[in-house]
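[1] Quick one: sequence plus predicted model below, questions after.
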Amino acid sequence: MMNTNDHRPIASYLPNAERYQPDFYKPAGQSGLQLPLVSLGLWHNFGEGDDLFECRNILRKAFDLGITHFDLANNYGPPYGAAEENFGRLFKRDFAGYRDELIISTKAGYDMWAGPYGRGGSRKYLMSSLDQSLKRMGLEYVDIFYHHCPDPRTPLKETVLALADICRQGKALYIGISNYYEVDQMKEMCRLMEHYEVPFVLNQLKYSMFERKAEAQMEFAEEAGYGVIAFSPLAQGLLTDKYLNGIPKDSRAMNPKSYLKSGSITPEKLSQIEELNQIAASRNISLAQMALLWVLRQPAVCSVLAGVSRVKQLEENVKLVGQAPLTLEEQQQIEMILTGAKQQN
């Protein structure tokens with residue numbers, strides 16, 4: 001691997017003794033699994049060539065703040081597998097003694113290796129991928145194993161049976177799925193999960209003020225008893241103060257490897273961000289904190305996945321705890337801004 005700068009000296013880690021605050025945790029659906037309202041996603045910033053010294057500080061700070069859930073996937077990097085490998089190195093150094101206090105999740109579904117068995121929802125791929133993930137991270141099991149995306153080539157029954165057997169083998173404690181947006185498909189998935197007695201707890205969906213496809217599923221999630229965990233709740237950083245004065249040169253939008261493209265940030269979008277920030281300012285909170293509160297207003301949402309590149313961002317995100325929920329008037333104001341922008345575009 002490339003130089004990751006993790007050779008720099010760092011003090012031994014002793015976690016914050018007051019890291020657990022009761023109002024910071026919420027059940028995943030109707031299960032007994034409690035998740036922090038803010039979870040740490042390792043999609044970005046933990047790949048090859050990233051600064052593991054800073055990654056180590058981020059993981060430490062997260063745990064100190066009560067963030068017990070670290071979320072990965074087999075293909076997080078780049079390159080694929082790098083985030084799991086780097087996490088495994090840092091876990092061994094700082095967190096091995098706290099394994100039972102952590103929720104560690106990973107996923108398989110998108111392409112991971114060449115050939116017909118390197119992606120999808122087949123029994124062959126899911127079991128092979130999880131074995132590889134456990135080896136990269138140096139773990140005996142993960143707390144949550146996700147099927148990362150629907151696979152139209154594989155019957156749902158085969159996918160669910162593989163997930164059931166993974167739990168029975170002790171390689172995962174709970175099962176999740178991700179990017180399953182269609183309610184009819186979720187109804188069948190829940191039926192199969194119940195039939196094969198799978199401890200299914202979460203659907204991980206992209207959800208923010210700017211991405212609302214997941215809302216079609218919220219009512220059913222409550223009824224069926226699974227939780228929704230939202231990824232990209234800050235819309236890849238758009239819903240922060242970073243873009244209040246235009247597109248900065250060091251932002252994700254200017255990174256050619258990023259999923260966020262500068263061309264998608266229109267003048268109308270920037271105006272919308274400014275209007276949303278004015279509502280946040282009237283509450284004396286940041287735009288990011290308001291955006292997270294907005295996502296968490298949904299009863300079915302049990303946690304938001306935040307990816308950060310600096311410790312300061314983590315500290316800001318968790319300040320949403322203790323904030324009063326958005327009022328009905330504030331929600332209506334936000335909706336008017338979002339609806340108006342949609343009409344303009």
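    It's in.

[2] hey, let's count contacts and neighbours off CA atoms from now on
    Will do.

[3] Tell me where this protein has strands.
    In the chain, the strands defined using DSSP state E lie at 25-27, 34-36, 38-41, 69-71, 103-108, 142-147, 172-178, 200-206, 227-231, 301-306.

[4] Export those as CSV, with columns for mean pLDDT, distance to L270 and mean neighbour count.
    Output for the strands of the chain, formatted as CSV (pLDDT from 0 to 100; distance: least, C-alpha to C-alpha, whole Å; neighbours: other C-alpha atoms under 10 Å):
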stretch, mean pLDDT, distance to L270, mean neighbour count
strand 25-27, 98, 33, 19
strand 34-36, 98, 31, 21
strand 38-41, 98, 26, 25
strand 69-71, 98, 30, 22
strand 103-108, 99, 34, 23
strand 142-147, 99, 34, 24
strand 172-178, 99, 29, 23
strand 200-206, 98, 21, 25
strand 227-231, 98, 21, 27
strand 301-306, 97, 21, 27
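
[5] Dump those strands into JSON lines; add distance to R283 as well.
    JSON lines is the format used below for those (distance: least, C-alpha to C-alpha, whole Å):
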{"stretch": "strand 25-27", "distance to R283": "23"}
{"stretch": "strand 34-36", "distance to R283": "23"}
{"stretch": "strand 38-41", "distance to R283": "20"}
{"stretch": "strand 69-71", "distance to R283": "28"}
{"stretch": "strand 103-108", "distance to R283": "32"}
{"stretch": "strand 142-147", "distance to R283": "36"}
{"stretch": "strand 172-178", "distance to R283": "33"}
{"stretch": "strand 200-206", "distance to R283": "26"}
{"stretch": "strand 227-231", "distance to R283": "23"}
{"stretch": "strand 301-306", "distance to R283": "21"}
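
[6] distance of the residue nearest to Q298 when sequence neighbours are not counted from D184?
    Spatially, and ignoring its direct neighbours in sequence, Q298 is nearest to M218 (7.4 Å; C-alpha to C-alpha, 6 or more residues apart in numbering). Per C-alpha to C-alpha, to the nearest Å, M218 is found 13 Å from D184.

[7] For those two, indicate the residue with more neighbours.
    Shown here are M218 and D184; by other C-alpha atoms under 10 Å, M218 has more neighbours (18 against 10).

[8] surely that one meets L296?
    No: applying C-alpha atoms under 8 Å as the test, M218 and L296 come out as separate, 11.6 Å apart.

[9] For these two, list the residues in contact with both.
    The contact sets of M218 and L296 do not overlap (C-alpha atoms under 8 Å, 6 or more residues apart in numbering).
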